[in-house]
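[1] Structure of the sequence below:
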Amino acid sequence: EMENGKSKGCGVVKFESPEVAERACRMMNGMKLSGREIDVRIDRNA
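    So this is what the prediction gives:
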């Protein structure tokens, strides 16, 4: 889906443990990357 002509983008990161993944999500969610706020979530299908 695109908003204002810009791609939302997507990325996948693997972590050593669920605890580390949860911590990374809490720390990174809402941060700015290249001037845009990022939405970080756990992929429950992984």
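[2] Determine the three-state secondary structure at the residue nearest the centre of the chain.
    By C-alpha atoms, centre = their mean, the chain has its centre lying nearest to Val40, at 2.7 Å. Secondary structure for Val40, judged by DSSP: H, G, I helix; E, B strand; the rest coil, is coil.
[3] With Arg26 instead?
    Per three-state DSSP, the secondary structure class of Arg26 is helix.
[4] distance of it from Gly5?
    Computed as C-beta to C-beta, to the nearest Å, the Arg26 to Gly5 distance reads 31 Å. To be clear about C-beta, it is placed using only N, CA and C from the backbone, and glycine gets the same treatment.
[5] Of those two, give the one with the bigger neighbour count.
    When Arg26 and Gly5 are compared for neighbours, Arg26 comes out ahead with 10 against 5, by other C-beta atoms under 10 Å.
[6] mind listing what the more buried one touches?
    Listed by C-beta atoms under 8 Å, 6 or more residues apart in numbering, Arg26 has no contact partners.
[7] now with 10 Å?
    Residues in contact with Arg26 (C-beta atoms under 10 Å, 6 or more residues apart in numbering) are Val40.
[8] for stretch 10-26, which positions count as buried?
    Ala21 (16 or more other C-beta atoms under 10 Å).
[9] those helices in this structure, which residues are they?
    Applying DSSP state H to the chain gives helices spanning 18-28.
[10] just for it, where's the confidence low?
    For the chain, the stretches flagged by pLDDT under 70 are 1-3, 46.
[11] I figured Arg36 hits Gly30, correct?
    No: taking C-beta atoms under 10 Å as the definition, Arg36 is not a contact partner of Gly30, at 11.1 Å.
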